[in-house]
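K.L.:
just coords:
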């Protein structure tokens, strides 16, 4: 299933929004503890959602899958990784492991066909990620990379759950998925970060020193979550996972550039080359190999008949909205 030009532009917009989200997160983490930040991010959305937004007509297990995958797992591990020293630009790159994770999980869980082309592309991306991990283990702590990869796995679980939910109103699904993280994250934050640290960060949130962090939190809530995931859920609901997911490859480009502008962060040559391998592998896996149409012989009676393509055969995509990986012929976010 090919995406319309409008939807391609929307997918690119999401990539820009999420790329800027990484330096915004780094700003927010300068004041708020990581687990509390996850709880705040979703509490600010969950309360008005419960009061004003009707529950989407989806099964609870998929709603919980989206909330736990994207809300709890992705951002808990991402924020912990960044708090442990993961640079925001590199985090935007490593988190794109969600793309091959999404394809693999969809292939196993939803029984979506993984082609040889996709397998090769995923292998290239995994090798790139392994190179980043090995390099970081030599020049810096490996833990932040591992935590970020766990966040990418959570994002992939949320992607597939979004696909299975088949929500008629994707924005409602996005908003209601936000009611899942607050309570468990508040409990975990109290246990791990402690009431004293939480109380201090909240009591000083409206000081001038905390203003950049508060603005970063507002960007995360309003732009990255409401706008970004609203559009993303809509696209994931209308197109196969393998079509939407590759657009997330634009996120690290924006994330690295935004982090350089905001903090002067740069990525060294080894990580940059490995990052190109990650992006290139996923794009290769999700791109469509073009084939030339085979002329159909017209028969002796009409030798002058024009060439024509073979009759099209409905694909799995047209038959079922839940089949996601036709033949790597589509691009994904």
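P.N.:
Yes, it's here. Just so it is clear, the structure is predicted and the values come from calculations on it, not from any experiment.

K.L.:
Helices along the stretch 101-250 of the chain, start to end?
P.N.:
Per DSSP state H, counting those that start in this stretch, the stretch 101-250 of the chain carries helices over the ranges 116-139, 143-165, 170-177, 182-192, 194-203, 211-218, 230-238, 241-244, 250-263.

K.L.:
Identify each buried residue in the longest one, please.
P.N.:
Residues of helix 116-139 classed as buried under the neighbour-count rule (16 or more other C-beta atoms under 10 Å) are 117-119, 121-122, 124-126, 128-129, 131-133, 135-136. Where you see a C-beta, it was placed from the backbone N, CA and C, and this is true even at glycine.

K.L.:
Out of the helices of the stretch 101-250 of the chain, which is the most enclosed?
P.N.:
Highest mean neighbour count among those (mean count of other C-beta atoms under 10 Å): helix 241-244, with a mean of 29.

K.L.:
tell me the SS of residue 31?
P.N.:
Put simply, residue 31 is coil when judged by DSSP: H, G, I helix; E, B strand; the rest coil.

K.L.:
if I pick it, what's in contact with it?
P.N.:
201, 204-205, 209-210, 213-214 (C-beta atoms under 8 Å, 6 or more residues apart in numbering).

K.L.:
Give me the spatial nearest neighbour of it, chain neighbours excluded.
P.N.:
With sequence-adjacent residues excluded and distances taken as C-beta to C-beta, 6 or more residues apart in numbering, residue 31 is closest to residue 213, at 3.4 Å.

K.L.:
same thing with residue 62?
P.N.:
Once flanking residues are discounted, residue 62 sits nearest to residue 165: 3.8 Å by C-beta to C-beta, 6+ apart.

K.L.:
same check, this time on residue 274
P.N.:
Nearest in space to residue 274, with sequence neighbours left out and distances taken as C-beta to C-beta, 6+ apart, is residue 131 at 3.9 Å.

K.L.:
ditto for residue 94
P.N.:
Leaving aside its sequence neighbours, residue 94 sits nearest to residue 148 (C-beta to C-beta, 6+ apart; 4.5 Å).

K.L.:
how much space is there between that neighbour and residue 44?
P.N.:
Distance, residue 148 to residue 44, by C-beta to C-beta, to the nearest Å: 24 Å.

K.L.:
re earlier: let me see the contact set for the residue nearest to residue 31.
P.N.:
Contacts for residue 213 were tallied using C-beta under 8 Å, 6+ apart; they are 27-32, 205.
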